[in-house]
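Novice: sequence and predicted structure, then a few things I'm wondering about:
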Amino acid sequence: MRRLGDELENITHYLEELKRLRSEIPSTQKQKKKYLDFRHLNHNNLKASDWIENQTAYFKTKEVPYCGRCGEGYIYSVDANGNRTAKLCDYCERPRRRLKRLNDLQLPKDAEGMNLDCYEWDSQEQFNRMNDLIAWMNLSQEERKDQVSPSCYLWGSPGNGKTSLLYSLAKYSVFNDHKVLFTSHTQLIDRIKRTFNGKDDNPLERWLSEIDLLLFDEFGGIGGRANMTDWWKATTTDIIQRMYEQWAAGKLAIVMTTNMNPNELFSKALDSNRASASRLQAMFKRPIHMQGQDRRADKQELAFWGVK
């Protein structure tokens, strides 16, 4: 007959043996998988987050890798009926697509530090008009049908923040999932000229059909000194007409900059074409005159270049 004490002694022996065996097994503690998260990237913190490539001709961000949670950018799930659905991964694929659209704009290198949070507004009018434009862009497509965009036309001397504002708006718009096009007047004219070989399509045919915001820099060329031939003026008239058509349909917001004052623009760039001037007035209402100092160069240093 077994005694209770003998049973307890056997159990204790077995437990000690298990402890010994366990101690001899190598420790293979499973490493917890680390997931990446890029949801913090936005239009204001790219430089602070060290997410900008340095050795590039244009403004370019680093590529976003997959986060580890998804299947190459998509989160898959199965509903109660057994149907498989896929959703864009917010941790990596959505930031990746935003940065790709930003890179595709090919903004100049000096766009790196530009963002709306640090932009110095030239006037209360400029601030108010831009906020109205942003509010329109954040409307749904259905809401936009009932109103055209409060677009903006900025003119003033070189270096006082016009183009910097376009860079900042480009970043803000991309990170709010708007479709943006940034171009200068000269760049667009040059693209049209390249179609003269008969091989390339005219960029004006579809250039505004799939965007929400047009950022049109240096109307009339840098310093308003474009070579304004008859062909240039006729093409510029066509450009304005196509802008107007998309704007009047409630599909497009526009921010345009120039160094030319309105009188000079009307007489030279528009060749006193009242029809074009009427369309500009409809789109932009009253031009905003930016009168701030040159933010790009020091006034005293400019004197060495003969600039007074």
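Specialist: Yep, it's here. Residues are numbered from 1 along each chain as shown.
Novice: switch to C-alpha atoms for all contacts and neighbour counts from now on
Specialist: Will do.
Novice: just give me the neighbour total for Val180.
Specialist: Close neighbours of Val180, defined as other C-alpha atoms under 10 Å, add up to 23.
Novice: who does it bridge with?
Specialist: Beta-bridge partners of Val180, counted by DSSP bridges, are Leu213.
Novice: hmm, Phe216 and it touching each other?
Specialist: No. Using C-alpha atoms under 8 Å, Val180 is not in contact with Phe216, being 10.7 Å away.
Novice: outline the domain layout of this structure.
Specialist: Domains of the chain are assigned by automatic domain parsing as 35-108, 114-294.
Novice: to Glu301, which of those domains lies closest?
Specialist: Among these, the nearest to Glu301 by C-alpha to C-alpha is domain 114-294 (11.6 Å).
Novice: for Leu154, what are its contacts?
Specialist: By C-alpha atoms under 8 Å, 6 or more residues apart in numbering, the residues touching Leu154 are 162, 255-258, 287-290.
Novice: could I get the residues you listed as TSV with secondary structure?
Specialist: Supplementary listing: those in TSV, determined by DSSP: H, G, I helix; E, B strand; the rest coil:
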residue	secondary structure
Lys162	helix
Val255	strand
Met256	strand
Thr257	strand
Thr258	strand
Pro287	coil
Ile288	strand
His289	strand
Met290	strand
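Novice: helix or strand right after the helix or strand of the chain with the lowest mean pLDDT?
Specialist: Lowest mean confidence among the helices and strands of the chain (mean pLDDT, DSSP states H and E): helix 4-24, at a mean of 63. Downstream of helix 4-24, the next assigned helix or strand under DSSP states H and E is strand 74-78.
Novice: now do that following strand, average pLDDT.
Specialist: The average pLDDT for strand 74-78 rounds to 91.
Novice: one more: stretch 40-49?
Specialist: The average pLDDT within stretch 40-49 is 92.
Novice: swap in stretch 141-159?
Specialist: 90.
Novice: for Met228, which non-adjacent residue is spatially closest?
Specialist: In this structure, Met228 finds its nearest non-sequential neighbour in Ala269, 6.8 Å apart by C-alpha to C-alpha, 6 or more residues apart in numbering.
Novice: that neighbour touches Glu218, doesn't it?
Specialist: No. With contact defined as C-alpha under 8 Å, Ala269 does not reach Glu218; the gap is 11.9 Å.
Novice: am I right that Leu215 sits in a strand?
Specialist: Yes. Under three-state DSSP, Leu215 sits within a strand.
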